[in-house]
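Q: Sequence and computational prediction follow.
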Amino acid sequence: MTRTKVELCGIDTSKLPLLSHEQMKALFIRLQAGEDSVKDELVMCNLRLVLSLVQRFAYRGEQADDLFQVGCIGLIKSIENFDLKHNVRFSTYAVPMIIGEIKRHLRDHHSVRVSRSLRDIAYKAMKAKEQYINDHLQEPTLDDLSKVLDIPVEDILLSLDAIQDPVSLQEPIFSDGGDAIYMMDQLCDNDVSEEQWVTYFTVKETFQKLDTRQKKILTKRIYYGATQTEIALDLGLSQAQISRLEKSALSTIQSQLNPKES
């Protein structure tokens, strides 16, 4: 199978080494025994993990190289803090730390600036939530957080909403191996239905096929509210002629909207 070559920060990711769980464990044993020279090897053999996580944020408007470098910072922090006593694979430990580092970067460098006060409230709320779960073994409600922090529910809700990462309408949210489903595919306009949009474009297209006089008559009647008598005087025709032309134009449009009835 052909491996795809991807270059980030000058690195050909298709040539990055891959180590087994046992090989990784052996390197961490050496690192935690004081052999700092193996840290570089641990970084290199986990860069593919960083790449896979960076791809999750491909639709956030950030350069892939920048996110890759931020992800590497998260990787290095994971390597420095990982302990074999956790009895989990390194990737299990590193993934949330790398993602957290990327999310912090996106939040801190987002074009929409969130005030310091809102961010402080949001961080307090998240910390209080973690403590509440530890103490009660269940998720707190907004009312629970409000009582713990002595902050109005509205302020907590606003702050948590303010720090959420925006989601691109072009971001894929599901794929079963075929065509991806994007965020915009799941959105709908409750004020304007698909049928109304089809009707609008059908009418617009049919209107362009009318002759010049019919266009003028419908425009004056529908958009300007002119009477048939006023239009007749303006175009130099009789009121009866205007009536016939108007009915003909409306009939043409109606036949396009309901072809089976024509």
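A: Done, it's in. Numbering: from 1, shown residues only.
Q: ok, now which ones touch Glu41?
A: Contact analysis of Glu41 by CB atoms under 8 Å, 6 or more residues apart in numbering lists Leu27. For the C-beta atoms, the positions are set from N, CA and C on the backbone; glycine is no exception.
Q: now the nearest residue to Ser238 once chain neighbours are set aside: how far from Ile253?
A: Sequence neighbours aside, Ala232 is the residue nearest to Ser238 in space, at 5.9 Å (criterion: CB to CB, 6 or more residues apart in numbering). Distance, Ala232 to Ile253, by CB to CB, to the nearest Å: 21 Å.
Q: what's the following helix or strand after the helix or strand harbouring Ile217?
A: Using DSSP states H and E, Ile217 maps to helix 212-218. Under the assignment DSSP H and E, the closest C-terminal helix or strand after helix 212-218 is helix 228-235.
Q: in that following helix, what counts as buried?
A: Across helix 228-235, burial judged by 16 or more other CB atoms under 10 Å covers Gln228, Ile231, Ala232.
Q: From the chain's centroid, how far away is the helix or strand following it?
A: Once the chain leaves helix 228-235, the next helix or strand it forms, by DSSP H and E, is helix 239-257. Computed by CA atoms, centre = their mean, to the nearest Å, the separation of helix 239-257 from the middle of its chain amounts to 47 Å.
Q: Just the C-alphas of helix 239-257, formatted as CSV.
A: Taking Å, rounded to 0.1, in the frame of the first residue of the first chain, the C-alpha atoms of helix 239-257 are listed here in CSV:
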residue,chain,number,x,y,z
GLN,A,239,-56.7,49.0,-19.5
ALA,A,240,-58.2,45.8,-21.2
GLN,A,241,-54.9,45.2,-22.9
ILE,A,242,-53.0,45.5,-19.6
SER,A,243,-55.4,43.1,-18.0
ARG,A,244,-54.9,40.5,-20.7
LEU,A,245,-51.1,40.8,-20.6
GLU,A,246,-51.0,40.6,-16.8
LYS,A,247,-53.2,37.4,-16.9
SER,A,248,-51.0,35.9,-19.6
ALA,A,249,-47.8,36.6,-17.6
LEU,A,250,-49.3,35.1,-14.4
SER,A,251,-50.6,32.1,-16.3
THR,A,252,-47.1,31.5,-17.7
ILE,A,253,-45.5,31.6,-14.2
GLN,A,254,-48.3,29.4,-12.8
SER,A,255,-47.7,26.8,-15.4
GLN,A,256,-44.1,26.6,-14.4
LEU,A,257,-44.9,26.2,-10.8
